[in-house]
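J.: sequence plus the predicted model coming up.
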Amino acid sequence: MRYIIPRGSPHSALYTSTIEYSSLPVFNLFCMKAAHWLPRRLALPTAFHTAFRTAAAGTRSLATQTRPAVKRNTLIPTTSLRHRQFSRPITSSPAMSSQLYTDETPEPGLHLITQSTPNGQKVQILLEELKEVYGTQWTTSIINIGTNEQKKEWFLRLNPNGRIPVIVDNDQSPPFPVMETSAELLYLIEREDKDNIFGFTDSFERNQMLQWLFFWHGSGAPYQGQVNHFFKFAQEQIEYPKQRFKNETLRVYGVLEIHLSGKFSGQPREYLAGKGTGKYSVADIGTWTWVRGWAFPGAFSDEEMQAFPHLLQWIDRIAARPAVQKGTGDDYNAAKRPELYVGEKK
C-alpha cells in the first residue's frame, strides 16, 4: 500500500503514493468509523485527518503527487567556472554570469578556488596526491587576493571569512562549500581516500594526525604568517612585533624538532603522525607548505635554522614527492595558466 498526503495539504509535496480503497475494505471500514470519533481539532497532522475523512466519503483514489525535481545549483559565479583542470572547458550562459547561483551545475565534482600561497598549496598538494593514487578530478579557479577578490560577495557566500582556498563539492545538492584548510584536507581524505593512504584507520594514529594538523593550524601558521607580514610587507618596520612573532615561530619550529628527533620517545621520525617513524599524511601536508618557506621573509638566518636538523630533513623529504612538486608548481601559477584566472587581476 502506498499512501499520499492529499493535494493542497502542507505536506503534499513531500510524499508520493496512491491508495485504491476498493481493494482495502478493512481500511475503508476503519476510516468510516474513525470519521465519527476523530475530533476535528485532534493534535495530529491535518493531512492525515483529511485523508481519513476523504476515504470515508468513498473517494476511489487520491491524486498522485510526485516530489519536485531538485535543481543542482552551483555556488560559484559562472564567470569563475573555467575548465576541468585535466579535461574540457566549463561553459555557462552569459545571462547568468553576474549571479551567484546558476540554474544547473555545469558539471559534477570538486571545484577549488585558490591562489598558490602556503594555505592554497595545502589543498593543491593533497588533490595532486589523490589524483596520483585514485585519479581524482576537479576544476580550478585562481584568484588574486591582492585585489581583495576574496572579499567580494560571491566569495563571501562560500567563505564568510574571506580567505582562500575554498573547496565546493558540486556532487552535493545544493553544492557544499568547505572553508579552513584543515577542514578541507580532512574533507578530501574522507571523500576520496578510501584506502587511507593519507590518513589512518587506527584511532590513536588518527588522533595523533589531528593533533599535529591542528597544532600547526592554531600555533604555527598564525605566527609565521605575522613574521611574513612584519618582515616582508609592513609599510612601517616596528621591531617589537617582528621579534615577538619571530621568536614564537622559532619556538614552534623547536616543538616540531623535538617530535621529529624523538628526543623523548627515543624514536626519530620521518613524518609527524603514525607508529614508528610515522607515515606521510595530511598532518605533514598541512604543516610543510608553511615551514618550507622559512627563508621567504628574511627573518631567520641559516645559523638559527641549523638548530632544527630533523625539521630541515623533513622539509627536504616531503619536497621530493612528485605530487608536492606539482601542487606547488606552474599548474597553479596564474601567469602560466591565465585561463584559470577569475576576477580582478591587478
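T.: Thanks, I have the structure now.
J.: residue 298: how many residues sit nearby?
T.: When neighbours are counted by other CB atoms under 10 Å, residue 298 registers 10. C-beta here means a position set from N, CA and C on the backbone, and glycine is covered the same way.
J.: my guess is it contacts residue 231. True?
T.: Yes: when contacts are counted by CB atoms under 8 Å, residue 298 is listed as touching residue 231 (5.9 Å).
J.: and the nearest residue to residue 144 once chain neighbours are set aside, its phi and psi?
T.: In this structure, residue 144 finds its nearest non-sequential neighbour in residue 345, 5.7 Å apart by CB to CB, 6 or more residues apart in numbering. Main-chain torsions, residue 345, degrees, to the nearest 10: phi -90, psi -40.
J.: enumerate every residue touching residue 345.
T.: Shown in contact with residue 345 (CB atoms under 8 Å, 6 or more residues apart in numbering): 144, 147, 334.
J.: just the buried ones from those?
T.: Buried members of the contacts of residue 345, scored by 16 or more other CB atoms under 10 Å, are 144, 334.
J.: could I get the contacting residues of residue 268?
T.: Taking CB under 8 Å, 6+ apart, we find residue 268 in contact with 260, 261, 262, 277, 310.
J.: which of those residues sits closest to residue 284?
T.: Within those, proximity to residue 284 (CB to CB) peaks at residue 260, which comes in at 10.4 Å.
J.: quick one: pLDDT of residue 202?
T.: The model reports residue 202 with a pLDDT of 98.
J.: what count of nearby residues applies to the nearest residue to it once chain neighbours are set aside?
T.: Spatial nearest neighbour of residue 202, chain neighbours left out: residue 275 (7.8 Å); criterion: CB to CB, 6+ apart. As a burial measure, residue 275 scores 12 neighbours (other CB under 10 Å).
J.: now residue 275: how far from residue 256?
T.: 19 Å (CB to CB, to the nearest Å).
J.: again with residue 320
T.: Distance from residue 320 to residue 256, counting by CB to CB: 18 Å.
J.: between these two, who's got more neighbours?
T.: residue 256 (20 against 8).
J.: is the residue nearest to residue 202 within a helix or a strand, and which one?
T.: Under DSSP states H and E, no helix or strand contains residue 275.
J.: quick check, it in contact with residue 206.
T.: No: the pair residue 275 / residue 206 is not scored as a contact, 11.8 Å apart, by CB under 8 Å.
J.: all the strands of the stretch 51-200 of the chain, residue numbers only.
T.: Using DSSP state E, counting those that start in this stretch, the strands of the stretch 51-200 of the chain run over 83-84, 110-114, 138-142, 166-169, 176-178.
J.: residues contacting the spatially closest residue to residue 308 that is not a sequence neighbour?
T.: Nearest residue to residue 308, sequence neighbours excluded (CB to CB, 6+ apart): residue 257, at 4.4 Å. Neighbour list for residue 257: 307, 308, 309, 310, 311 [criterion: CB under 8 Å, 6+ apart].
J.: separation between the last one and residue 213?
T.: Residue 311 is 17 Å from residue 213, where distance means CB to CB.
J.: who has more neighbours out of those two?
T.: A side-by-side neighbour count of residue 311 and residue 213, using other CB under 10 Å, places residue 213 first with 24 against 21.
J.: can you confirm that one is in a helix?
T.: Yes: checked against DSSP: H, G, I helix; E, B strand; the rest coil, residue 213 lies within a helix.
J.: what does the host helix or strand of residue 227 contact?
T.: For residue 227, the element it lies in under DSSP H and E is helix 221-228. Applying CB under 8 Å, 6+ apart, the external contacts of helix 221-228 come out as 118-119, 241-242, 245-246, 248-249, 252, 290-291, 293-294, 296-297, 299.
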